[in-house]
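Chemist: return atomic coordinates for the entry below.
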Amino acid sequence: MGLGDFFSALLGGSGRVDLWKRFERMRESTSGTMSTFYKVRDLKTGQIQGLKVVDAAKAAPVEGRYKSLGKPTEGEIGQQITGPNIARTLEWGTATTGDPYIVQEFVEGSLLHTLITAKKPFTPAQKIDLVTQAAKAIKTVHDAGFVHRDICPRNFILGADQRLVLIDFGLTVPDKPAFLQPGNRVGTPNYMAPEVVRRRQADKRLDIFSFGITAYEICAGRSPWPKGSTGKAALAHDTPPTDIREVWPEIPAPAASAIMACLAADPDRRPPSMDRFLALLSDAKG
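Modeler: Take a look at the predicted model:
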């Protein structure tokens with residue numbers, strides 16, 4: 001087989017990639033709501049990468065809402081969001097099955113959710129560092145002109161080098177009012193902002209609220225509200241959260257104030273940007 005025939009076979013003859021001729025599976029898949037993630041070896045380069053395969057049928061109702069708005073694909077969005085706390089998007093396309101796929105930098109490490117659930121004993125300095133890294137990841141998303149819409153510990157990986165990385169952009173949309181109009185609730189219920197739950201017009205501050213819960217869990221090892229498995233759990237986010245100082249009395253005052261401000265039910269009472277949050281947090285480091 002010549003080189004041209006080799007690439008033709010990989011592409012399935014129609015510009016679509018036969019993923020399992022192109023990649024070797026290295027690890028059991030992890031399934032999400034609309035996609036499946038694999039650790040793979042690229043048979044062309046030998047590199048270890050992350051492969052996300054989106055179930056086109058499941059994603060269609062979500063993506064269909066934005067068809068007339070010209071929403072970029074997840075792969076296109078991922079390539080526009082680059083920074084040290086972001087998993088690099090390397091390639092995207094369509095598989096021979098008709099399902100979209102995204103190839104990402106593979107980050108060897110543990111899900112932040114797993115570490116929090118396992119009660120990993122972070123030092124006070126590590127907690128502040130992780131909160132700072134998560135904030136910088138979200139700042140990168142916002143600076144690129146997008147709203148993530150699913151900030152939660154399941155979407156962060158802590159690498160062996162202690163780098164915290166945001167890994168998924170499946171629900172990310174451009175930071176424009178047309179993409180954030182009232183509609184179906186989108187995101188993870190336990191991290192959902194009140195304006196999303198109540199189906200109100202939203203903006204990037206919905207990410208700041210979700211980040212606030214994530215930061216609280218990093219620091220306190222628990223959520224500021226009771227958790228649940230349905231959208232009803234998010235209804236509690238209209239009520240005052242447990243003050244983080246009750247759970248971690250020694251938390252530096254600037255960190256406590258900054259995190260609690262993110263949890264305000266009224267978006268106007270939250271920090272208006274991740275830049276502002278990082279400025280508030282800066283006095284907690286030292």
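Chemist: tell me where the model's unsure across the stretch 51-200 of the chain.
Modeler: Applying pLDDT under 70 to the stretch 51-200 of the chain flags the ranges 184.
Chemist: how about the helices in it?
Modeler: Listed in chain order, the helices of the stretch 51-200 of the chain (DSSP state H, counting those that start in this stretch) span 56-64, 74-80, 112-117, 124-143, 194-197.
Chemist: okay, now the domains of the protein?
Modeler: The record assigns the chain these domain ranges, following automatic domain parsing: 16-105, 109-284.
Chemist: can you put those in TSV and add mean neighbour count?
Modeler: The way it works is simple: take the backbone N, C-alpha and C, and place the C-beta from them, glycine included. Formatted as TSV, those follow (neighbours: other C-beta atoms under 10 Å):
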stretch	mean neighbour count
domain 16-105	16
domain 109-284	18
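Chemist: which one is residue 283 nearest to, not counting chain neighbours?
Modeler: In space, and not counting its chain neighbours, residue 283 is closest to residue 254: 4.0 Å by C-beta to C-beta, 6 or more residues apart in numbering.
Chemist: what sits against the one you found?
Modeler: 280-284 (C-beta atoms under 8 Å, 6 or more residues apart in numbering).
Chemist: which single one of these is nearest to residue 246?
Modeler: Set against residue 246, the nearest of the contacts of residue 254 by C-beta to C-beta is residue 284 (17.8 Å).
Chemist: show me what contacts the closest one?
Modeler: Counting by C-beta under 8 Å, 6+ apart, residue 284 has contacts 128, 252-255, 258.
Chemist: which one of the residues you listed is nearest to residue 176?
Modeler: Nearest to residue 176 out of those is residue 258 (C-beta to C-beta; 27.2 Å).
Chemist: residue 219 versus that closest one, what's the distance?
Modeler: 11 Å (C-beta to C-beta, to the nearest Å).
Chemist: I figured residue 110 was touching residue 157, is that so?
Modeler: Yes. Counting by C-beta atoms under 8 Å, residue 157 is a contact partner of residue 110 at 6.8 Å.
Chemist: now residue 92. Nearest residue, chain neighbours left out?
Modeler: Leaving out its chain neighbours, the residue that sits closest to residue 92 by C-beta to C-beta, 6+ apart is residue 75, at 2.3 Å.
Chemist: so what's the one you found up against?
Modeler: 89, 91-93, 100, 102.
Chemist: what's residue 31 sitting at in phi/psi?
Modeler: phi -100, psi 140 (degrees, to the nearest 10).
Chemist: tell me the pLDDT of it.
Modeler: According to the prediction, residue 31 has pLDDT 71.
Chemist: ok, the residue nearest to it when sequence neighbours are not counted to residue 193 distance?
Modeler: If the residues on either side of it in the chain are set aside, residue 31 comes closest to residue 37, at 7.8 Å by C-beta to C-beta, 6+ apart. Going from residue 37 to residue 193 by C-beta to C-beta gives 25 Å.
Chemist: re earlier: what's the closest of the helices of the stretch 51-200 of the chain to residue 174?
Modeler: Across these (criterion: C-beta to C-beta), the nearest stretch is helix 74-80, sitting at 8.3 Å.
Chemist: tell me the gap between the closest one and the middle of its chain.
Modeler: Here the centre of helix 74-80 is set off from its chain's centre by 13 Å, with C-alpha atoms, centre = their mean, to the nearest Å.
Chemist: show me the strands in the stretch 151-286 of the chain, by range?
Modeler: 156-159, 164-166, 173-174 (DSSP state E, counting those that start in this stretch).
Chemist: export those to JSON lines and tack on distance to residue 149?
Modeler: Output for those, formatted as JSON lines (distance: least, C-beta to C-beta, whole Å):
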{"stretch": "strand 156-159", "distance to residue 149": "15"}
{"stretch": "strand 164-166", "distance to residue 149": "12"}
{"stretch": "strand 173-174", "distance to residue 149": "7"}
